[in-house]
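Peer 1: The sequence and its predicted three-dimensional model are supplied below.
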Amino acid sequence: MSKLLNVSSSPHVRDQVTTQNIMLDVAIAMIPASAYGVYQFGVKAALILLISVLSCVLSEYVFESLMGKPITVSDGSALVTGMILGLNMPPAIPLWIPFLGGVFAIIVVKMLYGGLGQNFMNPALAARCFLLISFAGKMTDFTYSDAVAGPTPLAALKAGEAVNLTSMFIGKISGTIGEVSVIALLVGAAYLLFRKVISITIPAAYLITFAVFVFIFGQHDLTYVLTHLCGGGLIFGAFFMATDYVTSPITPKGQILFGILLGVLTGLFRLFGGSAEGVSYAIIISNILVPLIEKISIPVAFGKEGK
Amino acid sequence: MNNKCMERLYNGIVKENPTFILMLGMCPTLAVTTSAVNGVGMGLSTTVVLLFSNMLISALRNIIPDRVRIPAYIVVVATLVTIVQLLLQAYVPSLYSALGIYIPLIVVNCIILGRAESYASKNGVMESTFDGIGMGLGFTIALTCIGLVRELLGSGAVFGYTIIPEEFHISIFVLAPGAFFVLSVLTALQNKFKAPSATNGSVPPSKLACGGNCASCTGSSCMSNHEVLQTRKKQMEEEALAAKKAQAAKKEAEAKTAASRKEE
């Protein structure tokens, strides 16, 4: 039968986008940051990434096999979770910690709540916070593999020391594997925006709110604001973790609210909190508030505007 | 009599375990179980209070006026808790300091008030005492299980003996979130392996307005109304059976008349 005469029920317009495609795009977008991380921190970084990806994929496979559920490993979401988790690890971490993190991310945060689409917070970030609370010493030990110890730029900034903005932009600093190079992250983010995997709404609202917050409550100085923007996991978080489909609002209005919330929380944690970094906690707290944001940002149905 | 007492023990420890099935007394459960020893200490203190409070309240149940029963229960429980607190302070000061504020808080423990209200105030002294022991032991066992798991994962020790090197301690398990993880996983396991609890049976659907399933009830009335509900449930089932029988008889009669008409 010709396609034109085919009578069927709606929907009539279909798209080729699948979960698999989207996840693959996200994974590709993280390659520049991963590659830079491996270049900067050596083979150990590659090993950490590999282990956290393997741990996520294996946990999903084992859990689903044991529970007699359809195996969803091939949709790539576990791969992305594993990559994000690995990029969030400091380079000097013992290798069993990313493994443990992967198991926690997939089994506790994702599978126990019903798998992809049901998790109430970003699995990779929840796992990072789990590890951060459990192994505070190891998770904040940012020693290079060639034993160049040094505080992250944000910690230095908090201590009142001067930092070099250019090296922060390129990535010649200490930090977690994926967050150091702003330029590599921006390349990945541009790819995601170009492929229309993410929209600019959440990252823009996030970064602008954060910049304004830091400008008002921090120092009234543009370099200071830029250092905060480039430092820590802010760029990584804004483009790769806050934009997670499952744990971010659906409507543009909700997304703007979500971004503002993220910006304010991150600013609060960074400027007034005890630790130098606050992106992960800001994102998972906002994740939990997403149902409330959705509630107040329901769009008005067509024809009901006047009421 | 003896049989009834054993049934109360079984009921408290397995069938209606206060922690894993009734989900009562969550505050001390989550707060003090950072180690197995703390769990045992908290559980046994509660057991002692529960035993004597059930005994006393059951003995006084005909004297206490109905309208002031809750204050009366609280006075009894608070007296007992004070005694336990002073004894702990005198003889096991280490446990006393480990449990801290949670000893005086036994006064408002829902398990104790719940048992007083739903069981001791309606039943004899002997049964109530054994009900208290059963519930208390159930609570103790549950707290010890949670404490064991948290201590093992969080500080690598079993009853204080370190068996895992410090490098591998997952310290989140001795903090508050770990308590929730362990409690939920243990409860899930209990459901998974279908321990013979009150919530795991195949309950026939009921016509009662509230569904009649006390396990899934969120109201506070279910505990005290349990027996009333059970009798009403039985009544309804009997009525339904009678109606069915009547209908069947009616149909049969109709069929007979129809058949006889055909013959005619």
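Peer 2: Right, received. Where do you want to start? Numbering: from 1, shown residues only, chains lettered A, B, ... in the order given.
Peer 1: For the chain, give me the ranges with low pLDDT.
Peer 2: In the absence of a named chain, this looks at chain A. A:1-4, A:143-151, A:306-307 (pLDDT under 70).
Peer 1: um, chain B though
Peer 2: For chain B (pLDDT under 70), the answer is B:1, B:194-227, B:262-264.
Peer 1: can we see that at 50?
Peer 2: Under the criterion pLDDT under 50, the flagged ranges of chain B are B:203-205, B:207, B:221.
Peer 1: how about the residues of it near chain A?
Peer 2: Proximity of chain B to chain A, by CB under 8 Å from any CB of the partner chain, involves residues B:167, B:169, B:170, B:171, B:172, B:173, B:175, B:177, B:181. Every residue, glycine included, has its C-beta placed from N, CA and C.
Peer 1: Roughly how far does the residue in the stretch 1-150 of chain B positioned nearest to chain A sit from residue A:201?
Peer 2: Residue nearest to chain A within the stretch 1-150 of chain B: residue B:150 (12.6 Å; CB to the nearest CB). For residue B:150, the distance to residue A:201 (CB to CB, to the nearest Å) stands at 42 Å.
Peer 1: which of the two has more neighbours?
Peer 2: More neighbours surround residue B:150 than the other of residue B:150 and residue A:201, with 26 against 19 (other CB atoms under 10 Å in any protein chain shown).
Peer 1: just checking, the more buried one touches residue B:182?
Peer 2: Yes. Applying CB atoms under 8 Å, one finds residue B:150 in contact with residue B:182, separated by 5.4 Å.
Peer 1: joint contacts of these two?
Peer 2: B:33, B:173 (CB atoms under 8 Å, 6 or more residues apart in numbering or on different chains).
Peer 1: hang on, the earlier thing: output the residues of chain B next to chain A as a markdown table; include the columns distance to residue B:108 and secondary structure.
Peer 2: Formatted as a markdown table, these follow (distance: CB to CB, whole Å; DSSP: H, G, I helix; E, B strand; the rest coil):
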| residue | distance to residue B:108 | secondary structure |
| --- | --- | --- |
| B:167 | 41 | helix |
| B:169 | 33 | coil |
| B:170 | 32 | coil |
| B:171 | 30 | helix |
| B:172 | 28 | helix |
| B:173 | 27 | helix |
| B:175 | 24 | coil |
| B:177 | 24 | helix |
| B:181 | 26 | helix |
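Peer 1: buried subset of those residues?
Peer 2: If you count burial by 16 or more other CB atoms under 10 Å in any protein chain shown, the buried members of the residues of chain B next to chain A come out as B:169, B:170, B:171, B:172, B:173, B:181.
Peer 1: Residue A:194: which of the residues you listed is nearest?
Peer 2: Set against residue A:194, the nearest of these by CB to CB is residue B:172 (39.5 Å).
Peer 1: Quick check: the closest one touching residue A:136?
Peer 2: No. Contact criterion CB under 8 Å: residue B:172 and residue A:136 do not qualify, at 10.0 Å.
Peer 1: still on that earlier bit, OK, contacts around the residue of the stretch 1-150 of chain B closest to chain A?
Peer 2: B:33, B:34, B:35, B:173, B:174, B:178, B:179, B:182.
Peer 1: how far away is residue A:51 from residue A:134?
Peer 2: Distance, residue A:51 to residue A:134, by CB to CB: 17 Å.
Peer 1: Other residues contacting stretch A:114-125?
Peer 2: Outside stretch A:114-125, the residues that touch it by CB under 8 Å, 6+ apart are A:19, A:69, A:72, A:75, A:77, A:81-82, A:84-85, A:88, A:105-106, A:109-110, A:113, A:241, A:244, A:246-247, A:280, A:283-284, A:287-288.
Peer 1: buried stuff in it?
Peer 2: A:115, A:116, A:119, A:120, A:121, A:122, A:123, A:124, A:125.
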